[in-house]
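Trainee: What follows is a predicted protein model with its sequence.
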Amino acid sequence: MTSFADNLIIRRTQADNAQERKCAAFRYANASLALEGFATDRAQLTRQEEIIHGRLTTEQAIAQLNAKYGRS
């Protein structure tokens, strides 16, 4: 049987792993873009950080970009 504290530690580790996976996915995407000759600007890197840390969902980020570039 696990204690309350054990459950907190496990959840924290899962959150960290999720952040690491998101960070690795963005690094891979940015490298792929660079190979194609595209640069990731500071605004996009900031948006990626917001997603990695859970302050912004992918859907919210897409909505922001659609609004910025006039797409619906």
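Mentor: Sure thing, it's come through.
Trainee: residues making contact with the helix or strand hosting residue 45?
Mentor: Remark: residue 45 resides in helix 42-52, with elements defined by DSSP states H and E. Residues from elsewhere that reach helix 42-52, judged by C-beta atoms under 8 Å, 6 or more residues apart in numbering: 19, 22, 23, 26, 40, 56, 57, 58, 61, 64. Yep, even glycine has a C-beta here, placed from its N, CA and C like the rest.
Trainee: which non-adjacent residue is nearest the first one?
Mentor: Setting aside the residues directly before and after it, residue 19 is nearest to residue 52 in space (C-beta to C-beta, 6 or more residues apart in numbering), at 5.5 Å.
Trainee: Could you count how many residues lie near the one you found?
Mentor: By the measure other C-beta atoms under 10 Å, the count of residues near residue 52 is 18.
Trainee: can you check residue 49 too?
Mentor: The number of residues packed around residue 49, counting by other C-beta under 10 Å, is 14.
Trainee: any idea how far it lies from residue 66?
Mentor: 20 Å (C-beta to C-beta, to the nearest Å).
Trainee: shaky segments in this structure?
Mentor: Segments of the chain classed as low confidence (criterion: pLDDT under 70) are 1-15, 72.
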